[in-house]
Each structure stands twice: as C-alpha cells, then as structure tokens.
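In: Coordinates for the following, if possible.
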Amino acid sequence: MVNPGGSSQPPPVGTGSLSWKRCAGCGGKIADRFLLYTMDSYWHSRCLKCSCCQAQLGEIGTSCYTKSGMILCRNDYIRLFGNSGACSACGQSIPASELVMRAQGNVYHLKCFTCSTCRNRLVPGDRFHYINGSLFCEHDRPTALINGHLSSLQTNPLLPDQKAVDCYTLRVTLDDELKHRQTLGLALSGESLDLIV
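Out: Just a heads-up that it's a prediction; the model follows:
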C-alpha cells in the first residue's frame, strides 16, 4: 500500500514488551485486542473518528485524511475541500478523491502522466525527465538531450493530492502478554482486558 507523507509501517507491538501503548485520542492505555496505527500514533479503534461526522474511521475504510488540523473520512474531506485542481496535461478538473501524479509542482491525472514522445504512461517507480514542462521516459531521454534540453533524472512517486494517511489495523492478541505478566507476578491492578480465546 502506498503511503505518502504519512506514517510508514507501524513499529512492532511486542509480545514480550511490558509497556502499554497509549492512545493518541484519549491518552489512555490500549489494552484492546485490536488497535489502529496512523500518523505515527496508536489509537483505540473507538477514538480515531472523523472530526465532522464522528464516524469511527477504522470501521469505514483503510485510510483517513488530515487537513487544517482535522482528521476526516473520505466523504467529509471531499465535501469540505472539493476538487484539487486541474490536470497540467489535459486541463480537466481532478476530483479530490482521485490519486494524482506530480512533477515540478504540476499535477496530472494518472492517465495523463505520459511520455511526450512515445505517449507511454509513466507509473510509480518509473524514472523520467521533466524538461521545459514536458515529461520524457528513460527510453526517450537521449532524444530529448540531443534536442538541447537538460534535466535531472527523477523517480516518479505516487502522491495523492489529498495527502491520505493510511490507517493500519493491527490484530494484537494480548494472551501472551497477559501470561508473561502473570509469570513475573505483576498484578494488573484492576485493568480489564477483553480477551477472546
């Protein structure tokens, strides 16, 4: 899963670790069997909610959006922030929910991000040259250079204009953790654990 600008894969939740994860939403300890990880933080599934509609984001999809200090579901992001602009190649509008490609500050529909010479579509990971507002694939680079154009080679990232942040659902069983704590004689002092065995 592509994860631009947001957090990468979550750090491992250790089965031998004696530390509890803290929820970024409520600040409480996370002792639930399932938790979410996004924006470099752990969340109770009930605490990661859309700032507008209060929907629990872990239940309605695998991504959430952040903008202007708000955490939003896809529908509310689109409702609040609308279209993301126009494609630099075709001039048509790009809906906020659509993934886009970028080069030198220009935004393109995925289908419009093509080599100016051969018209082959450039996909994430392809190397390309951006020369005077035109895109060239690695194969057509010599032609562009012969014509007196100079540019630096770029790697083509996939960046959604809405800056999606992926929510990772971690399936964490606390069975081993609980057994380890009991073996060491640590009291859970009233903390409740919902374990499904």
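
In: alpha carbons only for contacts and neighbour counts from here, please
Out: Will do.

In: so where's the protein uncertain?
Out: Where the chain drops to pLDDT under 70, the residues are 1-18, 68, 81-84, 96, 105, 142-197.

In: at 80 instead, please
Out: 1-19, 61-63, 67-69, 77-86, 95-97, 104-107, 131-133, 141-197 (pLDDT under 80).

In: How is it divided into domains?
Out: When the chain is parsed with automatic domain parsing, its domains come out as 21-80+163-183, 85-160.

In: could I get those as CSV with mean neighbour count?
Out: Below are these laid out as CSV (neighbours: other Cα atoms under 10 Å):
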stretch, mean neighbour count
domain 21-80+163-183, 17
domain 85-160, 16
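
In: ok, which stretches of this protein are helices?
Out: 57-60, 74-81, 141-146, 175-183 (DSSP state H).

In: ok, residues contacting the first one?
Out: Meaning helix 57-60. Contact partners of helix 57-60, identified using Cα atoms under 8 Å, 6 or more residues apart in numbering, comprise Leu36, Ser45, Leu48, Lys49, Cys50, Ser63, Cys64, Cys73, Cys167, Thr169.

In: ok, of those residues, which one's closest to His139?
Out: Checking these against His139 by Cα to Cα gives Ser63 as the nearest, at 35.5 Å.

In: roughly how far apart are that closest one and Gly28?
Out: Note on Ser63: its distance to Gly28, by Cα to Cα, to the nearest Å, is 23 Å.

In: Thr117 now?
Out: 57 Å.

In: Check Met101 too.
Out: Counting by Cα to Cα, the separation of Met101 from Gly28 is 39 Å.

In: With Gly85 instead?
Out: 40 Å.

In: And for Asp140?
Out: 56 Å.

In: Kindly report the same for Thr38.
Out: Taken as Cα to Cα, the span from Thr38 to Gly28 is 16 Å.

In: what's the answer for Lys49, then?
Out: Using Cα to Cα, Lys49 is found at 16 Å from Gly28.

In: what do you get for Ala103?
Out: Counting by Cα to Cα, the gap from Ala103 to Gly28 is 42 Å.

In: How about Gly125?
Out: Gly125 sits at a distance of 40 Å from Gly28 (criterion: Cα to Cα).

In: now swap in Pro95 and tell me
Out: Pro95 is 38 Å from Gly28, by Cα to Cα.

In: For Gln56, which non-adjacent residue is closest in space?
Out: Using Cα to Cα, 6 or more residues apart in numbering and skipping residues adjacent in sequence, the residue nearest Gln56 is Lys49, 4.5 Å away.

In: Touching, the one you found and Ser63? I think so.
Out: No. Contact criterion Cα atoms under 8 Å: Lys49 and Ser63 do not qualify, at 11.6 Å.
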